[in-house]
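Engineer: Build the 3D model from these lines:
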Amino acid sequence: MHPADPAAIVEVLTFFGPTAAYGLRGIELRQQPAAGTGPAVAALRVPGLVLLFEQPAPPWDLFGRLTDVATARLRRAGARVVTSQAGTRVDWPGNSLRDFMLFDGLMHEIGHHVIQHAARKHRTRAMRTADHERRADAYAVRARHAWAAQW
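Structural biologist: Numbering: from 1, shown residues only. Predicted structure coming up:
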């Protein structure tokens with residue numbers, strides 16, 4: 001399922017205006033990649049294509065324990081995370097999964113896009129990965145706070 005439908009994506013992009021959308025070539029709702037280290041949320045394909053991946057219906061029953069950073073990110077997004085010896089259960093009350101996709105997915109990847117676009121780097125990274133991730137995270141957090149402030 002795609003928790004963030006096209007109408008929600010348009011609403012968020014309209015709210016943030018041209019600054020967020022400038023240079024974007026598209027946003028695609030995609031199936032999960034075939035192989036990887038776990039479920040993907042979103043990705044940026046430079047130049048300017050954001051991919052939002054489908055997610056399983058909640059609750060999510062995951063094998064093992066999540067890292068403290070992953071648990072904090074999910075809780076910040078509104079998820080209820082419960083860890084037991086059997087694994088980890090992640091539940092998404094209300095619109096929290098949609099909002100997770102919009103901000104920790106879409107706006108995080110737009111943060112990467114803004115960094116790349118400002119540096120005029122279309123094929124190579126504008127900075128090292130750790131810095132890129134930290135700045136894209138900060139962009140997504142600021143976007144989430146600005147969105148919440150309107151209500």
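
Engineer: which residues does residue 108 contact?
Structural biologist: 41, 42, 136, 137, 139, 140 (CB atoms under 8 Å, 6 or more residues apart in numbering). Any C-beta I mention is one placed from the backbone N, CA and C, and that applies to glycine too.

Engineer: no no, residue 58
Structural biologist: Neighbouring residues of residue 58 by CB under 8 Å, 6+ apart: 90, 91, 92, 97.

Engineer: Correct me if wrong: residue 51 contacts residue 33.
Structural biologist: No - look at residue 51 against residue 33 with CB atoms under 8 Å: they stay out of range, at 9.1 Å.

Engineer: higher neighbour count, those two?
Structural biologist: Neighbours per residue (other CB atoms under 10 Å) separate residue 51 from residue 33, with residue 51 holding more: 19 against 11.

Engineer: centroid residue for the chain?
Structural biologist: What sits nearest the mean C-alpha location of the chain, by CA atoms, centre = their mean, is residue 105, with 1.1 Å.
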